[in-house]
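Enquirer: 3D model of this:
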Amino acid sequence: QVQLVESGGGLVQAGGSLRLSCAASGRTFNMNIMGWFRQAPGKEREFVAALSRSGGSTYYSDSVKGRFTISKDNAKNTVYLQMNSLKPEDAAIYYCIADSTVAQMAAPRYWGQGTQVTVSS
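Expert: Next comes the predicted model:
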């Protein structure tokens with residue numbers, strides 16, 4: 001099993017920044033992809049960003065490209081999501097995810113409990 005624990009959510013004004021963290025533990029040896037999804041009230045969960053274990057490959061949704069940056073610290077088994085220029089439409093519960101391959105990003109097996117991001121206009 002893989003455990004994912006998010007932190008760093010909160011309330012921020014539009015145009016501001018937040019950094020989310022996700023610490024992974026357990027059987028992480030084959031978790032080659034980690035990333036983030038989000039879900040706003042009344043909407044379906046959507047992909048936000050992901051990166052490979054090496055960090056050499058990154059993936060972003062069009063809605064966050066250029067504003068969000070995903071990174072990782074392999075020594076700490078932690079993934080980060082730096083969110084800049086936040087917009088009210090970025091408000092959502094953000095979930096850390098992990099799985100073996102990029103192909104599985106459509107339905108990742110492992111999810112964190114989520115962290116709330118609120119953006120005031």
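Enquirer: mind listing the strands for the chain?
Expert: Using DSSP state E, the strands found in the chain span residues 2-7, 10-13, 18-26, 33-39, 46-52, 58-60, 68-73, 78-83, 92-99, 110-111, 115-120.
Enquirer: The second one packs against which elements?
Expert: Contact partners of strand 10-13 among helices and strands, from 3 or more CB pairs under 8 Å, 6 or more residues apart in numbering; DSSP states H and E: strand 115-120. No exception for glycine: its C-beta is placed from N, CA and C like everyone else's.
Enquirer: Next one: V119 from I33, what distance?
Expert: Applying CB to CB, to the nearest Å, the value for V119 to I33 is 27 Å.
Enquirer: okay if I get the strands of the chain as a markdown table plus mean pLDDT and mean neighbour count?
Expert: A markdown table is the format used below for the strands of the chain (pLDDT from 0 to 100; neighbours: other CB atoms under 10 Å):
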| stretch | mean pLDDT | mean neighbour count |
| --- | --- | --- |
| strand 2-7 | 96 | 18 |
| strand 10-13 | 97 | 12 |
| strand 18-26 | 96 | 18 |
| strand 33-39 | 97 | 23 |
| strand 46-52 | 96 | 20 |
| strand 58-60 | 96 | 16 |
| strand 68-73 | 96 | 18 |
| strand 78-83 | 97 | 22 |
| strand 92-99 | 97 | 23 |
| strand 110-111 | 96 | 18 |
| strand 115-120 | 98 | 17 |
